[in-house]
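S.K.: need a structure here:
(2 chains)
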Amino acid sequence: MNRIVLVSIAAAGSAALLAGCTPAVPVSGAASPLEVTAAVTEGQQARVLDETFAELAAADKAKSTDEFDVRIGGDAKVVRAAEYKQQSADDGPTPAVLPEDMQAVYVSSTEVWPRVMVGVSEQPSEDLTPVVSVWVQENVDTPYQMRSWAHMIPGATLPKMPGPSVGADQLETTDEVGGTTAQAVMDDYVKLLKDGKDSDLNDTFTEDTYREQLFTARTALTKTAKTADGKYADTISLTEDDTYVLETAEGGALVFAPVRISSSLSVKDAKVSVSAADEPLVDGKLVDEVTHEYRDLVVMYIPAEDSEELPTVVAADHHLIRASPDGEK
Amino acid sequence: MEKDVSLRTTGLIAGVIGVILLIVGFIANSVRPPEAVVAYAEVDTPVVVYDPDFVTISPDGQIAVEGSGEIVAYTARPVDAEAWLDEASYSLVTGLPDWETLSTRSVERVVASPSPSPSPSASASPSASPSPSPSASASPSASPSASAAPAGEFIAADGRSSDLWRDVWTGTDRVDIPVASIPTGLTLVVMSADNSALTGTELSLTRTINDDWIAPLLWWGAALLLAGLIALVVLFIDLRPAQSRSESWIAARKAGAGPKPGSRRSRRAEGATIPQASLDETPEGTESPDIEADEATAPESVPDDAKASGGHEGSQDNDRGEERS
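M.R.: Numbering: from 1, shown residues only, chains lettered A, B, ... in the order given. The predicted model follows:
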């Protein structure tokens, strides 16, 4: 009996001691902040870039955009398709070289969609400037997709951007930046393109070779039309829904604005023609009227409000995608 | 005798306490809960989600999810994971009600069409130009393809993009993810590659138990038990003969014969003491020279009495010398 009591007391004591020594069930605390606040990490960037250029390489090999499955779309797919057409002609030009190696990748820190990612490539060759490419993710279920690209304007410099682990603020086109908005700046630039170099707006932007090219072409075509007793007209428009804005490190902004240009030339008592390189892009039979359609990308730098710099086009390309007698379909 | 009994009783009491301590120690040792704990929950959805706050419970632990076939675990920004989960049925691990159980909350969603069909307009619209030839070029679509091809280990489940995923772990029938390898602040989303239901998830934890007292308790118990055993053994041994002999010896020492003849004790017993010099016999004013003369001529000039006395002194010195030695 005494032994039973003794063991019972010992057991109870042991249990009590152990109960006091066993810690309570832990509860969750607050997690540390994210180490990489950008929408994509460098690893994610690398996956997107690798897959993009793998698709591009396959398409270049097949000379067909049928190979574009996931990573290339939008204007980039349209423009590349036009380049493949041009390449298919005898002595046709080779498609633009888009280097896989990047000098920098600008990512967004936004938590909403669509999201943008921008790559600045190495220089493709000695006589070509680096390529600025834009990837867009429409929503969480769709992949980042290269939508457009443009070569840098010779002599232009891209502004400093937030680091890749932080990411840049992705702004709306109507958000104030540099004392104005991206929308207002791009509207002014498009107006300048329409009005020509005599526009009052010409002095509000740094000179760039893109608009010089447009103005030169317009002058030549206008002269041609006048000579042939015809007409020349062009329309220039922004695709605002596909315009993206990233805030720079100094409080300015980089605007990635697709621009659509349609230029129509008509003549009387004559026949229009296009260059041999553009011949594969002719859609229809050209007689006395031809309309060239372009899908361009303009990358505009808007400096911070306290800067004395002017808004500057830092990259732009003029991509012909179609020539037809009846204009845009 | 009373002192011996008291020591023996104390030893026995110490032994009893030692036994109690040992019993308590061994029971505590045997019922001590394991430090490594696995909390488990059954699930029946194709996706299991751990939010970034919850995984702070066990920073050194490991998360495992079981199912059949290939299982993939991803991390994503919480806002991205939340957007992705809007179109998925999933089980969110919400808590740890006890050490062995995970609590979960199932969220059922009607999954939308996995791959919205892209709409490339391939129709060749007739040209408005007088030319009868239709356009041979297909109008390209600007809409993105919604089906992402598998990219390495990142699987586009249900044709949905995998671009939101940052880290990936894969396994067959079971995937294990060390919590320490999950970047802080990210949501963990585990799914079956074929959209089949997962069966369970577990989180391994380390439970820190304050059991440092058990080993000392056992050692103390053993020591006291040993003392008690010694006391018990002594209890059964008859020490009375030895005690009797010891007491007799002591008594004999106390009540034995007189001192050995010629020894110091015998001389003391006979009354021999250190001789006392008479100060009166020494002439006044001649103290120092007499002493010097006596010392210088001591071997020849000392009278018999004095010799005897001196001999006694010498003997006394010798005795002192013996005492010193």
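S.K.: check which residues of the longest strand belonging to chain B are buried.
M.R.: In chain B, with assignment by DSSP state E, the single longest strand is strand B:62-76. The neighbour-count check on strand B:62-76 (16 or more other CB atoms under 10 Å in any protein chain shown) flags B:62-67, B:70-76 as buried. Just so you know, the C-beta spots here come from the backbone N, C-alpha and C atoms, and that holds for glycine as well.
S.K.: same list, these, but as TSV with pLDDT and distance to chain A please.
M.R.: Output for the buried residues of strand B:62-76, formatted as TSV (pLDDT from 0 to 100; distance: CB to the nearest CB, whole Å):
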residue	pLDDT	distance to chain A
B:62	94	15
B:63	96	13
B:64	96	18
B:65	96	18
B:66	96	22
B:67	95	23
B:70	93	19
B:71	94	21
B:72	94	15
B:73	95	16
B:74	95	11
B:75	96	10
B:76	96	9
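S.K.: pLDDT score for the residue nearest the centre of chain A?
M.R.: Centroid check for chain A by CA atoms, centre = their mean gives residue A:134 as the closest residue, at 2.5 Å. Residue A:134 carries a pLDDT value of 98.
S.K.: hey, what's it bridged with?
M.R.: residue A:118, residue A:148 (DSSP bridges).
S.K.: state the distance from it to residue A:317.
M.R.: Using CB to CB, to the nearest Å, residue A:134 is found at 12 Å from residue A:317.
S.K.: find residues that contact each of those two.
M.R.: A:149, A:297 (CB atoms under 8 Å, 6 or more residues apart in numbering or on different chains).
S.K.: check which helices and strands the longest strand of chain B sits against.
M.R.: strand B:168-178, strand B:187-192, strand B:200-206 (3 or more CB pairs under 8 Å, 6 or more residues apart in numbering or on different chains; DSSP states H and E).
S.K.: now do that strand against strand B:168-178, angle only.
M.R.: Put simply, strand B:62-76 runs at 140 degrees to strand B:168-178, going by axes from the mean of the first three to the mean of the last three CA atoms, to 10 degrees.
S.K.: tell me the strands beside strand B:62-76, with direction?
M.R.: Applying DSSP bridges, one finds strand B:62-76 paired with strand B:168-178 (antiparallel), strand B:187-192 (antiparallel), strand B:200-206 (antiparallel).
S.K.: most packed of the helices and strands packed on strand B:62-76?
M.R.: For these, the largest average neighbour count (mean count of other CB atoms under 10 Å in any protein chain shown) is found in strand B:187-192, namely a mean of 25.
S.K.: please work out the average pLDDT along that one.
M.R.: Taken as a whole, strand B:187-192 carries a mean pLDDT of 95.
S.K.: which outside residues touch the next helix or strand after the longest strand of chain B?
M.R.: Using DSSP states H and E, the helix or strand that follows strand B:62-76 towards the C-terminus is helix B:78-85. Residues from elsewhere that reach helix B:78-85 (CB under 8 Å, 6+ apart): A:39, A:111, A:113, A:139-141, B:47, B:49, B:51-52, B:76, B:107, B:109, B:160, B:164, B:185-187, B:189.
S.K.: try 6 Å
M.R.: A:111, A:140, B:164, B:187, B:189 (CB atoms under 6 Å, 6 or more residues apart in numbering or on different chains).
S.K.: residue B:7 versus the residue nearest to residue B:9 when sequence neighbours are not counted, what's the distance?
M.R.: Among residues not flanking residue B:9 along the chain, residue B:231 sits closest, at 7.7 Å (CB to CB, 6 or more residues apart in numbering or on different chains). Noted for residue B:231: a distance of 8 Å to residue B:7, by CB to CB.
S.K.: what about the two, which has more around it?
M.R.: For residue B:231 versus residue B:7, the count of surrounding residues by other CB atoms under 10 Å in any protein chain shown is larger for residue B:231: 18 against 12.
S.K.: re earlier: the residue nearest to the centre of chain A touches residue A:150, doesn't it?
M.R.: No: using CB atoms under 6 Å, residue A:134 and residue A:150 do not qualify as a contacting pair, with a distance of 8.5 Å.
S.K.: and the residue nearest to residue A:175 when sequence neighbours are not counted, what pLDDT?
M.R.: Excluding the flanking residues, the one nearest residue A:175 by CB to CB, 6+ apart is residue A:181, at 6.4 Å. On pLDDT, residue A:181 comes in at 96.
S.K.: now the helices for the chain?
M.R.: No chain in the question, so chain A it is. Secondary structure of chain A, counting by DSSP state H: helices at A:2-21, A:42-62, A:74-88, A:182-195, A:209-227.
S.K.: meant chain B, my bad for not saying
M.R.: Under DSSP H, chain B gives helices at B:2-31, B:78-85, B:214-235, B:240-255, B:264-270, B:287-301, B:304-324.
S.K.: and the third one, what does it pack onto?
M.R.: With contacts defined as 3 or more CB pairs under 6 Å, 6 or more residues apart in numbering or on different chains; DSSP states H and E, helix B:214-235 has these neighbours: helix B:2-31.
S.K.: list the buried residues of the helix it packs on.
M.R.: Going by 16+ other CB under 10 Å, helix B:2-31 has these buried residues: B:11-12, B:14-15, B:17-28.
S.K.: likewise for stretch A:131-148?
M.R.: A:131-138, A:140-148.
S.K.: equivalent analysis for stretch B:77-85, please.
M.R.: Under the neighbour-count criterion of 16+ other CB under 10 Å, stretch B:77-85 has B:77-78, B:80-81, B:83-85 buried.
S.K.: need the max-distance pair from those residues.
M.R.: Pairwise distances across the buried residues of stretch B:77-85 (CB to CB) peak at 12.3 Å, for the pair B:77 and B:85.
S.K.: now the common contact residues for these two.
M.R.: By CB under 6 Å, 6+ apart, no residue touches both residue B:77 and residue B:85.
S.K.: what does the stretch 101-250 of chain A put close to chain B?
M.R.: For the stretch 101-250 of chain A, the residues in contact with chain B (CB under 6 Å from any CB of the partner chain) are A:111, A:138, A:140-145.
S.K.: in strands only, show me the residues you listed.
M.R.: Residues of those located in strands (DSSP E): residue A:145.
S.K.: out of the residues of the stretch 101-250 of chain A next to chain B, which is nearest to residue A:95?
M.R.: Nearest member of these to residue A:95, counting by CB to CB, is residue A:145, at 18.2 Å.
S.K.: isn't the closest one right up against residue A:73?
M.R.: Yes: with contacts counted by CB under 6 Å, residue A:145 reaches residue A:73, the gap being 4.5 Å.
S.K.: burial of the residue nearest to residue A:88 when sequence neighbours are not counted, as a residue count?
M.R.: Leaving aside its chain neighbours, residue A:88 sits nearest to residue A:280 (6.0 Å; criterion: CB to CB, 6+ apart). Residue A:280 sits with 20 neighbouring residues when counted by other CB under 10 Å.
S.K.: distance of residue A:280 from residue A:232?
M.R.: Note on residue A:280: its distance to residue A:232, by CB to CB, is 23 Å.
S.K.: same deal with residue A:206?
M.R.: 27 Å.
S.K.: higher neighbour count, the two?
M.R.: Taking other CB under 10 Å, residue A:206 and residue A:232 do not tie; residue A:232 has more neighbours (20 against 16).
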